[in-house]
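Asks: predicted model, plus sequence, below.
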Amino acid sequence: MVPLDDAIAYVLAGCEPLAPVTLPAAEAAGLVLADDVVAAEAVPPFVNTAMDGYAVRAQDVAAAPVTLPVVAEVAAGHPATRPLGPGEAMRIFTGAPLPDGADAVVMVERTERLDGGHAVRIDVAVEPGTHLRAVGEDLKPGEVVLSAGDEITPARVGVLASLGVDEVRAHPRPRLGVMSTGDELVSGPVPLAPGQIRDSNRPTLLAMAAEAGFTPVDLGWVPDDDESIRAAIERGAAGCDAVVSSGGVSMGDIDLVRVVLDRIGDMRWMQVAIRPAKPLAFGVVPGPDPARPVPVFGLPGNPVSSMVSFSLFARSGLRRMAGHPPERLHLPRFRAVAAEPIPRTPDGKIVFVRVTVAAGGPDGALTVRSSGGQGSHQLGAMARADGLVILPDGDGVGAGDQVEVLLLAEPPTIGQAP
């Protein structure tokens, strides 16, 4: 059997990052930058107020409470038309430029409006700089504000907009073709004939691809027929950056995906030392660009095995194609405490156990417990799982033992312990 880390390394070596493209910054959310972004200007570009209140000279309110005449109002986008003179105040609103002559703002809650707004009583003394945002306080000219390899999050789209950057170079989102194979599969609510099952793998993998930030392409269901399988793989390779198939990659005589891929591609067939998801095929087939063959992932047909295999291998390889750096290729892992025994049988494999994750353990630790049946066909337990406990070879763990967990669900879905 192939060790897990060796299988992952082999997959990653065959998934080269896609060539960067230039596109509008507003359309780049979720992509990975190919170049650093350097600030060409300061943000904010002028001193402005962080509060609604009154612009003053700090020395004029040192003996507060004091009453000052209000000589103007200053709003965002409307600078004062004259400087602030000694012994004066100006009403000012959040984000407005600080008038020349002023050096502080008194928040409106510490003042009292007098004479119909023509005067104000200032109840507190303030230091110069109070409630002010300095030039370049957020971003300074020449500062590297985003680096190559950074994912463009919504906040980073905002940073680009604040600097006037309207185009970026980024790695494109990989297009992933997804196909299912097997004469036993049907889709939709049609009545099942003897021996038939509904195709859950293809909808699941399409959804996983979309969730991971890739562009899913449905290549459909393919019967157990050499020519149909070949045509589907070649169609996927012609229009996608990578192809995933489920089923037909084991050692059986009728596993035709294996036969076809051996014929048209350069494939490696692995029995990975894990459970579930032991069988894995990975390699390349010719694509439109002779210099860039198309990666193909052959995943096992059992639904849980297919999901685990996608999470461990395909997702990481596709994230490398999307330009993510090595430290951000894999699903996050964290430590938790087993709320119940999690047994296993020694067999030379790493076992991934579907678990639910809850807060409220000892000293604030997260706790995990089985989400249900652990058979590779039992998709219901996978649907309830927040993560996978990674059990090394051995007899498992007892209640209260620490475990390592591969995160499947985002943290907000993790509930409180019952």
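Replies: Yep, it's here. Keep in mind that this is a model prediction, so the values were computed, not measured.

Asks: low pLDDT regions in the stretch 151-300 of the chain?
Replies: Applying pLDDT under 70 to the stretch 151-300 of the chain picks out residues 248-254.

Asks: residue ranges for the strands of it, please.
Replies: Secondary structure of the stretch 151-300 of the chain by DSSP state E, counting those that start in this stretch: the strands cover 167-171, 175-181, 185-186, 197-198, 215-222, 242-246, 266-271, 274-275, 279-285, 294-299.

Asks: export those to a markdown table and tack on mean neighbour count?
Replies: Bear in mind the C-beta positions are built from the backbone N, C-alpha and C, glycine included. Converted to a markdown table, the strands of the stretch 151-300 of the chain look like this (neighbours: other Cβ atoms under 10 Å):
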| stretch | mean neighbour count |
| --- | --- |
| strand 167-171 | 20 |
| strand 175-181 | 26 |
| strand 185-186 | 18 |
| strand 197-198 | 13 |
| strand 215-222 | 18 |
| strand 242-246 | 30 |
| strand 266-271 | 16 |
| strand 274-275 | 21 |
| strand 279-285 | 22 |
| strand 294-299 | 27 |
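
Asks: distance to residue 125 for those - can I get that in CSV?
Replies: Listed next are the strands of the stretch 151-300 of the chain as CSV, based on distance: least, Cβ to Cβ, whole Å:
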stretch, distance to residue 125
strand 167-171, 47
strand 175-181, 63
strand 185-186, 77
strand 197-198, 74
strand 215-222, 59
strand 242-246, 65
strand 266-271, 73
strand 274-275, 68
strand 279-285, 70
strand 294-299, 67
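
Asks: residue 231: which of those strands is closest?
Replies: strand 215-222 (8.2 Å; Cβ to Cβ).

Asks: okay, now the sheet partners of that closest one, with direction.
Replies: strand 175-181 (parallel) (DSSP bridges).

Asks: quick one: residues in contact with the strand it pairs with.
Replies: For strand 175-181, contacts defined as Cβ atoms under 8 Å, 6 or more residues apart in numbering pick out 199, 201-202, 205-206, 209, 214-224, 229, 232-233, 235-237, 239-248, 256-257, 301, 314, 318.

Asks: any idea which of the strands of the stretch 151-300 of the chain gets closest to residue 371?
Replies: With distances scored as Cβ to Cβ, the stretch of the strands of the stretch 151-300 of the chain nearest to residue 371 is strand 274-275 (16.2 Å).

Asks: tell me how far the closest one lies from the chain's centre.
Replies: 26 Å (Cα atoms, centre = their mean, to the nearest Å).

Asks: parallel or antiparallel, list what pairs with it.
Replies: According to DSSP bridges, strand 274-275 forms sheet pairs with strand 350-359 (parallel).

Asks: other SSEs contacting the next helix or strand after the strand it pairs with?
Replies: Downstream of strand 350-359, the first helix or strand assigned by DSSP states H and E is strand 367-370. Using 3 or more Cβ pairs under 8 Å, 6 or more residues apart in numbering; DSSP states H and E, the elements in contact with strand 367-370 are strand 333-338, strand 350-359.

Asks: just checking, what packs against the first one?
Replies: Using 3+ Cβ pairs under 8 Å, 6+ apart as the contact definition, the elements that strand 333-338 packs against are strand 367-370, strand 387-391, strand 402-407.

Asks: thinking again about what came up before, for residue 96, find the nearest of the helices and strands packed on strand 367-370.
Replies: strand 350-359 (43.4 Å).

Asks: for that closest one, which outside residues touch it?
Replies: Taking Cβ under 8 Å, 6+ apart as the rule, strand 350-359 contacts 4, 273-277, 304, 308, 336, 339, 342, 344, 366-372, 374, 381-382, 384-393, 405-406, 409, 414-418.

Asks: domain parsing of this structure, as residue ranges.
Replies: With domains defined by automatic domain parsing, the chain comprises 4-18+172-328, 21-43+137-171, 48-133, 333-416.

Asks: now for the longest helix along the chain, which elements pack on it?
Replies: The longest helix of the chain (DSSP state H) is helix 226-239. Helix 226-239 makes packing contacts with strand 175-181, strand 215-222, strand 242-246, helix 256-264, strand 279-285, strand 294-299 when contacts are defined by 3+ Cβ pairs under 8 Å, 6+ apart.

Asks: repeat that with 6 Å
Replies: strand 215-222, helix 256-264 (3 or more Cβ pairs under 6 Å, 6 or more residues apart in numbering; DSSP states H and E).

Asks: now do that helix against strand 279-285, angle only.
Replies: Interaxial angle, helix 226-239 versus strand 279-285 (axes from the mean of the first three to the mean of the last three Cα atoms, to 10 degrees): 60 degrees.

Asks: what angle sits between helix 226-239 and strand 294-299?
Replies: Using the same axes, to 10 degrees: helix 226-239 against strand 294-299 is 130 degrees.

Asks: can you tell me what sits against helix 226-239?
Replies: 177, 179, 219, 222, 243, 256-257, 260, 285, 287, 294 (Cβ atoms under 6 Å, 6 or more residues apart in numbering).

Asks: closest one of these to residue 67?
Replies: Distances from residue 67 to the contacts of helix 226-239, taken by Cβ to Cβ, are shortest for residue 177, at 74.1 Å.
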